[in-house]
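Based on what follows, work out the 3D shape:
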Amino acid sequence: MNFHTRKWVKPEDLNPNGTLFGGSLLRWIDEEAAIYAIVQLGNQRVVTKYISEINFVSASRQGDIIELGITATEFGRTSITLTCEVRNKITRKSILTVEKMVFVNLGEDGLPAPHGRTEIKYVKDQFQGDGLSE
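Numbers count the residues shown, from 1 in each chain. Okay, here's the model as predicted:
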């Protein structure tokens, strides 16, 4: 799993218990997963269809640096399925896991549209042949 996005837990992200508010974390996850799906499918028109059970396994506190890891696990005809883990950047302790997130690729008409992708597209492969990479 690749961990690309990092967040610094600030006072405005906390719940009354002084730990990271789950709603803030879920917003970050949904945004990061949508960006991942957009990059993988090459289309900015994707929507969240499904998020499975969310399993919080430890807390995060103010000042922690957390990182979000997302990986594609399946490519459907019009969808992409992802898995996610959030962990503490310093301790590597897992904070949360989401086993399954499904995003649907939309056409210009706003309806599900085939995307033609069958495997993960890695950053190193995205720029080959553009004259910028070796």
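
Quick one, grab the pLDDT at the residue lying closest to Lys10 once chain neighbours are set aside.
Take Lys10 and drop its neighbours on the chain: the residue closest to it by Cβ to Cβ, 6 or more residues apart in numbering is Gln62, 6.8 Å away. C-beta here means a position set from N, CA and C on the backbone, and glycine is covered the same way. Listed pLDDT for Gln62 reads 96.

residue contacts, Gln62?
Residues in contact with Gln62, defined by Cβ atoms under 8 Å, 6 or more residues apart in numbering, are Val9, Lys10, Pro11, Asp13, Leu14, Gly18.

buried ones in the helix or strand hosting Ile70?
Using DSSP states H and E, Ile70 falls within strand 65-75. Neighbour-count burial for strand 65-75, counted by 16 or more other Cβ atoms under 10 Å, picks out Ile66, Glu67, Leu68, Gly69, Ile70, Ala72, Phe75.

hang on, isn't the third one packed against Thr83?
No. Under the contact definition of Cβ atoms under 8 Å, Leu68 does not touch Thr83, with a separation of 11.5 Å.

quick revisit: what's the average pLDDT for the strand holding Ile70?
Here the average pLDDT along strand 65-75 is 96.

And the helix or strand just after it, what does it pack against?
With elements assigned by DSSP H and E, the helix or strand that comes after strand 65-75 is strand 79-88. Judged by 3 or more Cβ pairs under 8 Å, 6 or more residues apart in numbering; DSSP states H and E, strand 79-88 is in contact with helix 22-41, strand 65-75, strand 94-105.

got the angle between the shortest one and strand 94-105?
Computed with axes from the mean of the first three to the mean of the last three Cα atoms, to 10 degrees, the direction of strand 65-75 lies at 40 degrees from that of strand 94-105.
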